[in-house]
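Chemist: can you look at this prediction? I've put the sequence above it.
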Amino acid sequence: MKNYLNVITAYSIMLFLIIMVGIFQSWSIALSILNYCLISAVMTMGANIQWGYAGLINFGIMGYTALGGLAVVLVSVAPVPEAWSVGGTNMLISLFLIIAIVFSIKFILKKYKNNKYRNYLISLVIIFGIILIRVVASQGIEAIESVNPAKTGFLGGLGMPVLFSWLVGGLFAAGLAFVIGKIALGLRADYLAIATLLIAEIVVSIIKHEDWLARGVKNVIGLKRPVPYEIDLQTSSWFINMIEKLNQGKLNLINSVTEKRDVLNQLVIDASSVYVKLCMTGFFLTVVIMLLFVTQKALYSPWGRKMRAIRDNEAAAGAMGKNIVKEHLLIFILGSAIVGIAGAMMVTNDGLFTPGSYRPMRYTFVIWVMVIVGGTGNNFGAILGGFVVWFLWVEAAPIALFLINFFTTHLDDANSLKVHLIESAPYFRFLMIGVGLLVIMRYRPKGLIPEKINVK
Amino acid sequence: MELLNAIILLLNYTIIPALTYGSQLALGAIFVTLIYGVLRFANFATGDMMSFGTMFAVLLTYYFQSIGVGLGILPTALITLPFAIIAMIFYMLFIDRFVFRYYRVNKSAPVQLAMVSVGVMFVTQAIIRIIIGPFDRRFLDGEKFILKASEFKEMTGLNEGLTIKSTQAITVVITIILVSILFWFLNKTKTGTSMRAYSDNEDLALLSGIDPKKVVMLTWIIAGFLATIGGVLYGLDKSYKPFVYFNNMLPIFAAAIVGGIGNPFGAFLGGYVIAFAEIFITYAYKKFFTYLLPESLAPDTLVQLLSTDYKFAVSFSILVIVLLFRPSGIFEGKKI
Amino acid sequence: MTAGYGNGPDIISSCSINVDRGEIVAILGPNGAGKSTVMKAMLGLLTLKSGSVILNGEDISKLSPQDRVKKGISFVPQTKNVFAELTVKENLEVGAFLREDNINRVIEEIYDLFPILKEKSSQIVGQLSGGQRQQVALGRALMIKPSVLMLDEPTAGVSPIVMDELFHHILRVKETNVGIIMVEQNAKQALSISDRGYVLVTGENKFEGSGEELLKDPEVRRSFLGG
């Protein structure tokens, strides 16, 4: 029981903090933070499976997140028939060419196992293939991008429900993880970290610059939602009635009819945003609980034991006949898929896809800080890490501002140091996260909630 | 004549910029590789450490400019270098004393040190942004060009102009001097040899009486030189923006790994491999071929393998290819 | 000259070992007898619970490994005993890291002892053969002109031909008036070139005597040499 006590305490404190934000700032902000905390928790769980269960460092989180986001666009946005008609065939041929290149490389690898010209042959195929693709695709791309560039200029998606895209996001990420895993999993830990980071950069730069795919840095806005829109809620009578009932006491105190209507109006507007966010929270919470259930089960299953055995002593596990490479690949794919789902969730939550915002700082390193801070190898810890670090990340600037004001009260308001510090308040979040990470790594290297393996 | 024009064109738009950029990457890559070889971890704070050193140079340049101290045609930043390097070394030694040393003494796994360096990265980035802000800054003064395109055209009568910016010349010259001194030091001096010995076989180095503390300190001092000078040269040539420096870490890592991590000479060459590949693959050769080919064959597309948007992607792809086929780097074998 | 040692923790208890200049002493014993631990203790890689290490009449028990090396104890580990990425000459130079004087003369002496090293002086050690590497390892350890040279299982994983060559070299080193302590599994061969031997059993030196004596001792034969 004592084991669970600190978990419960930690989560209660976290909940309390979010409630405090709700009371002192606004419930809408508190729920946004909570939603992002939940998304971060999913990402952290993905990274934690790879690092905590198998000791794999994946600094490519950013790439999987972006792919998950891309999935939302490709699945839920309505297709752009014009674009398909002008450039669709070219793009399909290019896709076919890419597949052909991959298979011919596979064929060469198989057929000419010991040929010294093999690598030259492969590079020849790749270079020739790229030139061919460029010739075929460039016309298509030009045509697609010129179709109403201000609004579309891309192929659009499949027009399917957005929740389905979460699954697809996971699949995309899994596919990428399969490729990366095949390439890089044999490397030592720190090489793997660098390689995954760089490959993720490649993925993001492709998403950023291939406008025909998802408009690149021009962003896709107004994405579908699995929850109602605020504006619809504000005009539907059941919602207004509900708000009226909930605030009966408060409204009855107001005498003037017009004033009453204004207050009610304002309440409805506030409540609609809270309601939408609450719906999102419901979806996210479902995902988190499902994942938590599955990962906890997996952790204590024979498979989980095997993974820990491999993590703690690769050589011994290998000697006992465990297929380490295969297991590592599997876990790499699973973890990445979870991150992909989180990426899709995030874009759904925001309602827009902004490829330019995928930066390693925010989407790789901060997530890693969450993993380390929470407690590696422990799912409850991972979720907590997501909550704590995200909360700090968001609230760092207000906290810093408060501290700066507190320590510089004796200074004049026009004092250049004070002005400078107040201007740089947003950057204190890096400082807090960094110092937090260093302190945790030094004094609590196993995280806030350390891994506890109970023999059951 | 046409051939000459074509050569000048390539020289102007690819070779000279690639040499410059390659030198800047090379210094960073040697920094990464030294830390990896001696202290045995991948330093994710590389870009931000370079940024930190450069920040001092920028601030001091502004100060010197305000009191009217300068070098005439040379950039003022060159006088500030020694001060910036000293500040950088102090910062590095400070970090090492209070952060890295603990893990080294406890013989932590390299992965753990790499994670710690992520923490250092966050902190350094925060300090930089709090002190100087995230903005783009130019701090180049003095004569901007050694050779202007128009002068060159007048001199030679060619169609194509050749521009040599003073920052390009300064970068290449300083890199050559610095790297020569470094390799002389590592190969020809007793201390340098002891550093390499420590990097090769730590236990045996201890048994031979090499003091690990001295080696570690020396490594940070050399790192301070490389990081600051590399950062300042990059900033003079392009501009100083903290975010860009953080991002530069990626091609620098690529260069270090391509050259065989832990191998300074490999890292040096790796910098140029990455730079040349990036620029050659993303350069549009249309004009080049227009000069060389008869008019009927002149290309009407850009003749560009990849668009410049993919500059970074090129270096990372090279890295992936190297990892696939030669994980120990292109220049394995003799390590300097 | 004595190198004494006594009453370590649990691994070795009250055993004492000494060696004179120009003498080869073999430390033998079954696996887990604490042979390597004895060496580590003498080098200062382990702290003594009691007892002392005395070199040339001076107590060096409190010194750090580096300082002990300075005083004249040199050690050749079992594995990774050369700088594989450095040249032969650089290996020797690093071996003499603590020497302030001109080391070229010493390098010449090592070359006299191991002529092959002179030939390969600018080659990377990683590219040399196993036997040549062992010579580099010995040469590196001799560069500080030690009074005691400790070898940890020099014949482990070495082919019989190389082993003969190696023993030949060890005997040549002995002629330069160095005391040699050698930990060995390969008891018969080791004793054949040793002046004296110690047999360690569970951290205590059970038997001691000249090579011949030990080889003849029925109890030693039974418990350790395998009859």
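Modeler: Structure received.

Chemist: up against chain C, what does chain B have?
Modeler: Taking Cβ under 8 Å from any Cβ of the partner chain as the measure of proximity, chain B contacts chain C at B:190, B:193-194, B:196-197, B:199-201, B:203-211, B:334-335. (Each C-beta comes from the backbone N, C-alpha and C, glycine too.)

Chemist: swap the cut-off to 7 Å and go again
Modeler: By Cβ under 7 Å from any Cβ of the partner chain, the part of chain B that sits against chain C consists of B:190, B:193-194, B:196-197, B:200-201, B:203-204, B:206-211, B:334-335.

Chemist: specify the local secondary structure of the residue of the stretch 201-336 of chain B found nearest chain C.
Modeler: Across the stretch 201-336 of chain B, no residue is closer to chain C than residue B:209, which sits at 4.0 Å (Cβ to the nearest Cβ). Following DSSP: H, G, I helix; E, B strand; the rest coil, the label given to residue B:209 is coil.

Chemist: please apply the same query to residue C:75.
Modeler: Judged by three-state DSSP, the three-state class of residue C:75 is strand.

Chemist: which ones are touching it?
Modeler: Neighbouring residues of residue C:75 by Cβ atoms under 7 Å, 6 or more residues apart in numbering or on different chains: B:207, C:43, C:141, C:150.

Chemist: who are the neighbours in contact with the last one?
Modeler: Read it as residue C:150. The neighbourhood of residue C:150, defined by Cβ under 7 Å, 6+ apart, consists of C:39, C:42, C:73, C:74, C:75, C:76, C:181.

Chemist: now the second one: how far from chain B?
Modeler: Counting by Cβ to the nearest Cβ, to the nearest Å, the gap from residue C:42 to chain B is 12 Å.

Chemist: over to the fourth one?
Modeler: Relative to chain B, residue C:74 is positioned 8 Å away (Cβ to the nearest Cβ).

Chemist: measure that residue to chain A for me?
Modeler: 33 Å.

Chemist: who does that residue bridge with?
Modeler: The bridge-partner assignment for residue C:74, based on DSSP bridges, gives residue C:149.

Chemist: which residues of the chain score low on pLDDT?
Modeler: You didn't say which chain, so I picked chain A. Applying pLDDT under 70 to chain A picks out residues A:1-3, A:452-456.

Chemist: meant chain C, my bad for not saying
Modeler: For chain C, applying pLDDT under 70 flags the ranges C:1-15, C:32-33, C:49, C:202-204, C:206, C:222-227.

Chemist: all strands of it, in order?
Modeler: C:24-28, C:54-55, C:58-59, C:73-76, C:148-152, C:179-183, C:196-201, C:204-210 (DSSP state E).

Chemist: the second one pairs with which strands, and in what direction?
Modeler: Just to be clear, that refers to strand C:54-55. Strand C:54-55 has the following sheet partners, assigned by DSSP bridges: strand C:58-59 (antiparallel).

Chemist: what's the most distant pair in the contacts of residue C:75?
Modeler: Farthest-apart pair in those is C:43 and C:141; separation 11.8 Å (Cβ to Cβ).

Chemist: compare those two (neighbour count), which wins?
Modeler: Under the neighbour definition other Cβ atoms under 10 Å in any protein chain shown, residue C:43 and residue C:141 were set side by side, and residue C:141 has more, 25 against 20.

Chemist: on that earlier part again, can you pick the most crowded of the contacts of residue C:150?
Modeler: Counting neighbours by other Cβ under 10 Å, the top entry in the contacts of residue C:150 is residue C:73, with 28 neighbours.

Chemist: distance check, it against residue B:270.
Modeler: According to Cβ to Cβ, to the nearest Å, residue C:73 stands 42 Å off from residue B:270.

Chemist: do residue B:123 as well
Modeler: According to Cβ to Cβ, residue B:123 stands 28 Å off from residue B:270.

Chemist: give me the phi and psi for the residue of chain B positioned farthest from its centre.
Modeler: Most distant residue from the mean C-alpha position of chain B: residue B:296, 42.8 Å away (Cα atoms, centre = their mean). Dihedral angles of residue B:296 (phi, psi; degrees, to the nearest 10) stand at phi -70, psi -30.

Chemist: same check on residue A:322?
Modeler: Backbone torsions for residue A:322, taken as degrees, to the nearest 10, come to phi -80, psi 140.

Chemist: the residue of the stretch 351-456 of chain A found nearest chain B sits in which helix or strand?
Modeler: Across the stretch 351-456 of chain A, the shortest distance to chain B (Cβ to the nearest Cβ) belongs to residue A:434, at 2.8 Å. Assigned by DSSP states H and E, residue A:434 belongs to helix A:428-443.

Chemist: which parts of that helix are buried?
Modeler: A:428, A:429, A:430, A:431, A:432, A:433, A:434, A:436, A:437, A:438, A:440, A:441 (16 or more other Cβ atoms under 10 Å in any protein chain shown).

Chemist: does the host helix or strand of residue A:102 reach chain B?
Modeler: Assigned by DSSP H and E, residue A:102 belongs to helix A:81-111. No - counting by Cβ under 7 Å from any Cβ, chain B is not contacted by helix A:81-111; separation bottoms out at 11.1 Å.

Chemist: buried ones in that helix?
Modeler: So helix A:81-111, judged by 16+ other Cβ under 10 Å, has buried residues A:83, A:84, A:86, A:87, A:88, A:90, A:91, A:94, A:97, A:101, A:105, A:108.

Chemist: can you check stretch B:164-176 too?
Modeler: Within stretch B:164-176, the residues scored as buried using 16+ other Cβ under 10 Å are B:164, B:165, B:166, B:167, B:168, B:170, B:171, B:172, B:174, B:175.

Chemist: about what we covered before: can I get the buried residues of helix A:81-111 in a markdown table with distance to residue A:119?
Modeler: Compiled in a markdown table, the buried residues of helix A:81-111 are given as follows (distance: Cβ to Cβ, whole Å):
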| residue | distance to residue A:119 |
| --- | --- |
| A:83 | 39 |
| A:84 | 38 |
| A:86 | 39 |
| A:87 | 34 |
| A:88 | 35 |
| A:90 | 30 |
| A:91 | 30 |
| A:94 | 25 |
| A:97 | 21 |
| A:101 | 15 |
| A:105 | 11 |
| A:108 | 9 |
